[in-house]
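[1] Would you be able to build a 3D model of this:
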Amino acid sequence: MRKPIEARFRVEVVPKQKTIRDVARAAGVGIGTISRVLNSSSQVSRETRARVLEAIRRLGFRPNAQARRILKRRSEIVCFLLSNRDFLHPFHARILQGVESYASSLKHHVLFAVLHYSPRTPPEKIDLPPVLQEHGLIDGVILAGTIYPNLLRRIEAIDMPFVAFSNNVVGIDGDGKYLYDQVGFDDFNGSLQATRYLIKQGHRLIDFAGDISFPWIQRRFDGYRQAMRENKLNPVSIMAQNPDGFVDFGQKSAGRILTQAARATAVVAGNDEIAYGLWRSLQRHGMKVPDDISLVGFDDREEAVLMDPQLSTVRVHKEEIGETCMKMLLERLHHPRMTFSQRILPTELVIRGTVRNLSERHAASRIL
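    Residues are numbered from 1 along each chain as shown. Take a look at the predicted model:
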């Protein structure tokens, strides 16, 4: 009778991973002190810090990502919430890129969410994305897109730290200007400098094409108007009837510009999309840019360099806006009681090929 075969197994003992409690016992301190050392807190003496670090080295302790988050009492995740805009709007995509780039450099993560709501919806009725409703899942929110006051109140009600892209906040009066953290860029001075440039090039009949019912377009019109008035020139605002978006606004504006008794030699467009629509429509009317009419846009979107000639425009540093939003949110998380702040980033006039120098033409005619 055969003997039963004995099964032989080699049992390997896996070393038990050291925990934060092991480090605390070895260093003779509490868990809270270990947390402060790991977070580089200044509230730990040099001797205690050295003792803790030596215990960590000796035990080979490595806190995993989840442990670090528990120690910091943060998820190291923020949400980029795009409201009332298409997925993904090119301008806001560049802001998101700036947010994500800075966040990843600090090993933070960014979740993207979209929200569509009416400005008339009561704040408590706004159906926020689940990521914002789950307590503790994210640390804070960066608001972009078109932002109405009811959304600001909704986010405040859930006690969620946030930073808003301020240029597209609609319906907030001056009294509520600093009631939340905000980052934006200088619409007014961007348009002011663009108009001053046209005037220096010899232009006197300069129109503004843009729907001033949008607050950011209104601010750009205000900058244009300031430059016109300081040079004793007459500001002219061109409006289009029932446009289907900004490009269509530009296309419909062209006819009104060309039928004026004193036709403009240059146009400041409320944004690059309007400038693109103008450029297309002027071509169909047999007009050349800049030979017959000069054109300046605003935003410096990717499409600006696809026009022929390339569009002179006001550049908005979109990635820098995103980076600044992320920095400000982290400041708020580290200092919850700090005063609300507003940061306005400068714009930059980019000269390309859509502006003609009339001063040179006038000088040449005088010589002849």
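
[2] hey, which helix or strand in the chain has the poorest pLDDT?
    Every helix and strand in the chain was compared by mean pLDDT, DSSP states H and E; the lowest is helix 65-72, with a mean of 50.

[3] Quick check: mean pLDDT of stretch 110-121?
    Across stretch 110-121, pLDDT averages out at 94.

[4] what's the first-to-last distance across that stretch?
    With CA to CA, to the nearest Å as the measure, stretch 110-121 spans 27 Å from end to end.

[5] How about residues contacting it?
    Contacts of stretch 110-121 with the rest of the structure, by CB atoms under 8 Å, 6 or more residues apart in numbering, involve 77-85, 87-88, 96, 99-100, 103-104, 126-129, 131-132, 138, 145, 148-151, 170-171. C-betas here are computed from N, CA, C, even on glycine.

[6] Same question for stretch 230-239.
    Applying CB under 8 Å, 6+ apart, the contact partners of stretch 230-239 are 199, 204, 206-212, 221, 224-225, 228-229, 253, 256-257, 260, 264, 267.

[7] Please apply the same query to stretch 273-282.
    With contact meaning CB under 8 Å, 6+ apart, stretch 273-282 is reached by 209-210, 245-255, 257-258, 267, 269, 288-289, 292-293, 295-298, 301, 303-304, 307, 311, 313, 354.

[8] Check stretch 199-206 too.
    By CB under 8 Å, 6+ apart, stretch 199-206 touches 195, 198, 224, 227-228, 231, 233, 236, 262-268, 294, 355-362.

[9] How about the contacts made by residue 141?
    Residue 141 touches 78, 79, 80, 81, 132, 155, 160, 161, 162, 163, 329, counting by CB under 8 Å, 6+ apart.

[10] now the strands for this structure?
    For the chain, applying DSSP state E gives strands covering 77-83, 109-115, 140-145, 162-165, 181-185, 206-209, 236-238, 266-269, 294-299, 312-315, 342-345, 348-350.

[11] right, so those: which one is the most enclosed?
    Counting by mean count of other CB atoms under 10 Å, strand 266-269 has the highest mean neighbour count of those, with a mean of 31.

[12] and that strand, which strands flank it?
    Sheet pairing of strand 266-269 (DSSP bridges) gives strand 206-209 (parallel), strand 294-299 (parallel).

[13] pLDDT on it, on average?
    98.

[14] Also stretch 296-311?
    On average, stretch 296-311 scores 94.

[15] measure it end to end?
    Start and end residues of stretch 296-311 are separated by 7 Å (CA to CA).

[16] In TSV, list the strands of the chain along with distance to residue 278.
    Below are these laid out as TSV (distance: least, CB to CB, whole Å):
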stretch	distance to residue 278
strand 77-83	28
strand 109-115	30
strand 140-145	25
strand 162-165	26
strand 181-185	23
strand 206-209	6
strand 236-238	9
strand 266-269	6
strand 294-299	6
strand 312-315	12
strand 342-345	27
strand 348-350	18
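
[17] what residue ranges in this protein score low on pLDDT?
    By pLDDT under 70, the weakly predicted segments of the chain are 1-17, 39-42, 62-75, 173-178, 360-368.

[18] now the helices for it?
    Per DSSP state H, the chain carries helices over the ranges 20-27, 31-38, 46-59, 65-72, 90-105, 130-133, 149-157, 187-200, 215-230, 246-258, 272-284, 318-334, 358-367.

[19] got those helices as TSV, with mean neighbour count and distance to residue 340 columns?
    Formatted as TSV, these follow (neighbours: other CB atoms under 10 Å; distance: least, CB to CB, whole Å):
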stretch	mean neighbour count	distance to residue 340
helix 20-27	17	36
helix 31-38	19	28
helix 46-59	15	34
helix 65-72	14	24
helix 90-105	19	19
helix 130-133	14	20
helix 149-157	18	11
helix 187-200	21	21
helix 215-230	20	20
helix 246-258	21	32
helix 272-284	22	32
helix 318-334	21	9
helix 358-367	10	46
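
[20] For those helices, give me CSV that also has distance to residue 113.
    Shown next, in CSV, are these (distance: least, CB to CB, whole Å):
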stretch, distance to residue 113
helix 20-27, 33
helix 31-38, 31
helix 46-59, 38
helix 65-72, 20
helix 90-105, 11
helix 130-133, 6
helix 149-157, 12
helix 187-200, 26
helix 215-230, 23
helix 246-258, 25
helix 272-284, 25
helix 318-334, 15
helix 358-367, 49
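
[21] out of the ones you listed, nearest to residue 179?
    The closest of the helices of the chain to residue 179 is helix 149-157. By CB to CB, the value is 8.1 Å.

[22] rewinding a little: residue 34 is nearest to which of the strands paired with strand 266-269?
    Of all the strands paired with strand 266-269, strand 294-299 comes closest under CB to CB, at 49.3 Å.

[23] what does the closest one rub up against?
    Residues outside strand 294-299 that contact it (CB under 8 Å, 6+ apart) are 91, 187, 190-191, 194-195, 197-198, 201, 203, 220, 265-272, 274-276, 278-279, 289, 304, 311-316, 354-356.

[24] got it, and stretch 347-364?
    185-187, 189-190, 193-194, 197-198, 200-203, 265-266, 275, 279, 289-291, 294-296, 300, 304-305, 307, 309-317.
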